[in-house]
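Trainee: Provide a 3D model corresponding to the input given below.
(2 chains)
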There are 2 protein chains.
Amino acid sequence: MLIKSKPYRTIWSHPDDSTITQIIDQRKLPHEFIIVDLATVAYFCTAIKDMYVRGAGLIGATAGFAMYTAALQSRDAHFAEDIQQFARELSATRPTAKNLVWAIERQLTAMAACSSVQEKRDKGLEVATAIADEDALFCKQIGEHGVALIKEISKRKNGQPVNILTHCNAGWLAFVDYGSATAPIYQANNDGIAVHVWVDETRPWLQGARLTAWELKEEGIPHTLIADNTGGHLMQHGMVDLVIVGTDRTTFTGDVANKIGTYLKALAAYDNNVPFYVALPSSTFDWQIEDGVKDIPIEKRDGDEINKITGRAENGEMITVLVPPENTESANYSFDVTPARLVTGLITERGIVAANQDAILNLYPEKR
Amino acid sequence: MLIKSKPYRTIWSHPDDSTITQIIDQRKLPHEFIIVDLATVAYFCTAIKDMYVRGAGLIGATAGFAMYTAALQSRDAHFAEDIQQFARELSATRPTAKNLVWAIERQLTAMAACSSVQEKRDKGLEVATAIADEDALFCKQIGEHGVALIKEISKRKNGQPVNILTHCNAGWLAFVDYGSATAPIYQANNDGIAVHVWVDETRPWLQGARLTAWELKEEGIPHTLIADNTGGHLMQHGMVDLVIVGTDRTTFTGDVANKIGTYLKALAAYDNNVPFYVALPSSTFDWQIEDGVKDIPIEKRDGDEINKITGRAENGEMITVLVPPENTESANYSFDVTPARLVTGLITERGIVAANQDAILNLYPEKR
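Mentor: I've put the predicted structure just below:
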């Protein structure tokens, strides 16, 4: 998608040296645009854990390239042992993210099928590239399916802008391209359908304010930033036509782990008969866990992410400020789980489907 | 209540000159403690509108003293005309706050019953003081009634800490003393009942992080700060025993206007069978409006309160930082309305009552 009118992806091989991966440092957006080189597994781990990169698809794609780097770093004589150790280190960085383990396992399986270490390394680059390309393709398809929902509402409203609320950033910055929740919005915009997006700022990390607002601005989509507390009020007053969010892990039974606060918006949507959709590529499904609320591990991050906020000061400098009294204890749960009963439907690369086991397994019969 | 172990109220007459009112500038808390003199109605209006003071009871008490100042400023020959003009200016500062108009009307009625201008002015000080004293007394009584709820849960938990979630600041800083939502908590603490408070940081203005966390710290009450998005997750996992919030206006039918986001927490409490109580003195009731969601006016404030955040930088300076891209449009609705059906009960100075018209009018029969 566009940054200052120039098309980008969120991750790519260095044009002059494919052993180096390049990413955008998303911690600095929207005020600074910095490209970072990743050349060792340790740096990949930092980039994922400290949120240089974040978002379901991009974490998966980054893990894909990280495993290629892991293959380069694994000793010839101890390849199996080393690559497993790197895989464990990478898996531990973000416990809720399904795409992380999915990409790591996909790489391990592909490499295991190769005989020589050189073949394993070549395969690593091939699979990393395939994961990234597939992520972009699947997001594009999510957009093509999801746009039908927007088109229908637009028709009902006689072309008045369709008001879509989204939480966190499930935009193209959270994937390789297009995004999941945003893909139908970008598709609608391309198709000439008037849309307006309510952007939850998404505390504590403020992905909505920092990233979603920025990418919508770069793409020229009308949007309004709101505090996370606002969605219920808007829905009570008919100001939201549709909610679309992303997910970091969705069970095959339809329970949706996503950025903390998603559950609250889903409750409000349910209470006000606003359709609540979750957009995801199949790589985000968890085919093992049945009860998402009970069993999806919820990452707990540093309380400083709540107590301290970084932004641009008047002099242009990036400054971090403390809000509560010094040494205030904070609990920073990163995700919550929205039970399937509150989800109107899932928008996947294969089509739109109800959030229940039967419907999901009908769409992915190979997972039965 | 205590600030650095010294007891304070939030508003008082200047000890050397009763024509001047003193307040704590709450915009600077918790990092700076500054007392401000208010000597003209214009300055009172600024103090209310720009949130030097905020919170249901304190807005009412401030309006009480403001009307005394208005009486001093009204010209002898044009008293009736001038005082009405000041009353209109004050009423316009915070449209959702019921205590504001309540205090202004109480002053106008009391002054109207006096014959001379001097008597009206004397009455103004008398009523302002009475409003403040009554506010403190009513909050104390709210604490005495509300503590029963906490005591009962504590018994059921065999003395394990009772986890109470609160939103915004309905603490003593929002009233003259004790607070509404916090009064039962302070009372429990006095009674030796173990409590722990989940403090919603409360975007956009961050009253929870800035004020509630600070006053609980000064009173030595265990507490944990959370992003507003977190309450649902905590309730899903049995980590909240009770929700107590304040309100800026509650209809006689039990609909509760309170800080934006309250409705979302009420939905989560309802979905997880967590009792959801609202604490309020009778001055916060609206005896006219029947449908709160439809008819309570909701204040919309400057979007900059969302886009820009002020806190203490590492060098100790108070700095304001911009989070989203420059010129991002934000919608800053300050309040939402929680329908009575989601409210377990109201804690008033006369006792605890169900959130419906019959129960409320039984408690306040003079309002029938």
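Trainee: make it CA atoms for all contacts and neighbour counts henceforth
Mentor: Noted.
Trainee: Count the residues that sit near the residue in the stretch 251-368 of chain A positioned nearest to chain B.
Mentor: Closest residue of the stretch 251-368 of chain A to chain B, CA to the nearest CA: residue A:261 (3.9 Å). Counted with other CA atoms under 10 Å in any protein chain shown, the neighbours of residue A:261 add up to 29.
Trainee: Is it in contact with residue B:226, as I believe?
Mentor: No. Assessed by CA atoms under 8 Å, residue A:261 is found out of contact with residue B:226, at 11.4 Å.
Trainee: Show me what the helix of greatest length in chain A is packed up against.
Mentor: When chain A is scanned for its longest helix (criterion: DSSP state H), the result is helix A:117-156. In this structure, helix A:117-156 makes packing contacts with helix A:56-73, helix A:98-112, strand A:162-166, helix A:183-190, strand A:345-348, strand A:351-353, judged by 3 or more CA pairs under 8 Å, 6 or more residues apart in numbering or on different chains; DSSP states H and E.
Trainee: In the second one, which residues are buried?
Mentor: With burial defined by 16 or more other CA atoms under 10 Å in any protein chain shown, the residues of helix A:98-112 counted as buried are A:98-108, A:111.
Trainee: repeat for the last one
Mentor: Residues of strand A:351-353 classed as buried by neighbour count (16+ other CA under 10 Å): A:352-353.
Trainee: Can you list the strands that that strand pairs with?
Mentor: Strand pairing for strand A:351-353, using DSSP bridges, gives strand A:345-348 (antiparallel).
Trainee: who touches the strand it pairs with?
Mentor: A:138, A:141-142, A:145-146, A:276-282, A:352-355 (CA atoms under 8 Å, 6 or more residues apart in numbering or on different chains).
Trainee: go again using 7 Å as the cut-off
Mentor: Around strand A:345-348, the neighbours that count as contacts under CA atoms under 7 Å, 6 or more residues apart in numbering or on different chains are A:142, A:146, A:276-282, A:352-355.
Trainee: need the contact list for whichever residue of the stretch 101-250 of chain A sits closest to chain B.
Mentor: Residue nearest to chain B within the stretch 101-250 of chain A: residue A:229 (3.9 Å; CA to the nearest CA). For residue A:229, the contacting residues are B:228, B:260-261, by CA under 7 Å, 6+ apart.
Trainee: circling back to that earlier point, go ahead and report the secondary structure state at the closest residue in space to the residue of the stretch 251-368 of chain A closest to chain B that isn't next to it in sequence.
Mentor: Excluding its sequence neighbours, the residue lying closest to residue A:261 (CA to CA, 6 or more residues apart in numbering or on different chains) is residue B:229, at 3.9 Å. Three-state assignment for residue B:229 (DSSP: H, G, I helix; E, B strand; the rest coil): helix.
Trainee: returning to that earlier point: to residue B:116, which of the helices and strands packed on helix A:117-156 lies closest?
Mentor: Ranking the helices and strands packed on helix A:117-156 by proximity to residue B:116 (CA to CA) places strand A:162-166 first, at 58.0 Å.
Trainee: tell me what that closest one is packed against?
Mentor: Counting contacts by 3 or more CA pairs under 7 Å, 6 or more residues apart in numbering or on different chains; DSSP states H and E, strand A:162-166 is packed against helix A:117-156, strand A:195-200, strand A:242-245.
Trainee: how about the ones you listed in JSON lines, adding mean pLDDT and mean neighbour count?
Mentor: Listed next are the helices and strands packed on strand A:162-166 as JSON lines, based on pLDDT from 0 to 100; neighbours: other CA atoms under 10 Å in any protein chain shown:
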{"stretch": "helix A:117-156", "mean pLDDT": "98", "mean neighbour count": "20"}
{"stretch": "strand A:195-200", "mean pLDDT": "98", "mean neighbour count": "24"}
{"stretch": "strand A:242-245", "mean pLDDT": "98", "mean neighbour count": "24"}
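Trainee: any chance of those in JSON lines, plus distance to residue B:179?
Mentor: As requested, those are exported to JSON lines (distance: least, CA to CA, whole Å):
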{"stretch": "helix A:117-156", "distance to residue B:179": "46"}
{"stretch": "strand A:195-200", "distance to residue B:179": "30"}
{"stretch": "strand A:242-245", "distance to residue B:179": "37"}
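Trainee: Tell me which of these sits nearest to residue A:178.
Mentor: Residue A:178 lies closest to helix A:117-156 among those, at 5.8 Å (CA to CA).
Trainee: Angles on the backbone of the closest residue to residue A:171 other than its chain neighbours, please.
Mentor: For residue A:171, ignoring the flanking residues on the chain, the nearest one in space by CA to CA, 6+ apart is residue A:179 at 4.0 Å. Main-chain torsions, residue A:179, degrees, to the nearest 10: phi 90, psi 170.
Trainee: Wait, residue A:96 touches residue A:297, no?
Mentor: Yes. Between residue A:96 and residue A:297 there is a contact under CA atoms under 7 Å: 5.6 Å.
Trainee: Looking at the two, which one has more neighbours?
Mentor: Counted by other CA under 10 Å, residue A:96 and residue A:297 do not tie: residue A:96 has more neighbours, with 24 against 17.
Trainee: Near chain B, which residues of the stretch 251-368 of chain A are found?
Mentor: Applying CA under 7 Å from any CA of the partner chain, we find that the stretch 251-368 of chain A lies next to chain B at A:260-261, A:263-264, A:267-268, A:306, A:311-313, A:320-325, A:329-333, A:336.
Trainee: Of the residues you listed, just the buried ones, PyMOL syntax please.
Mentor: Here is the PyMOL command that picks out the buried ones among these, judged by 16+ other CA under 10 Å:
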select buried, chain A and resi 260+261+263+264+267+268+306+311+312+313+320+321+322+323+324+325+329+330+331+332+333+336
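Trainee: mind listing which of the residues of the stretch 251-368 of chain A next to chain B are in strands?
Mentor: Counting by DSSP state E, the part of these found in strands is A:311-312, A:320-322, A:332-333, A:336.
Trainee: which one of those residues sits closest to residue B:212?
Mentor: The shortest gap between residue B:212 and any of these belongs to residue A:322, at 15.3 Å (CA to CA).
Trainee: Quick one: residues contacting that closest one.
Mentor: Residue A:322 touches A:307-309, B:311-313, counting by CA under 7 Å, 6+ apart.
Trainee: how about a cut-off of 6 Å?
Mentor: For residue A:322, the contact set (CA atoms under 6 Å, 6 or more residues apart in numbering or on different chains) comprises A:307-308, B:311-312.
Trainee: Tell me which of the helices and strands packed on strand A:162-166 approaches residue B:69 most closely.
Mentor: strand A:195-200 (41.9 Å).
Trainee: Which neighbours in the sheet does that closest one have, and how are they oriented?
Mentor: Going by DSSP bridges, the partners of strand A:195-200 are strand A:162-166 (parallel), strand A:223-226 (parallel).
Trainee: mind giving me TSV with those strands and columns for mean neighbour count and distance to residue A:240?
Mentor: TSV is the format used below for the strands paired with strand A:195-200 (neighbours: other CA atoms under 10 Å in any protein chain shown; distance: least, CA to CA, whole Å):
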stretch	mean neighbour count	distance to residue A:240
strand A:162-166	25	5
strand A:223-226	22	12
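Trainee: between the ones you listed, which gets nearest to residue B:341?
Mentor: Nearest to residue B:341, of all the strands paired with strand A:195-200, is strand A:162-166, at 25.2 Å by CA to CA.
Trainee: With that, I have no additional questions.
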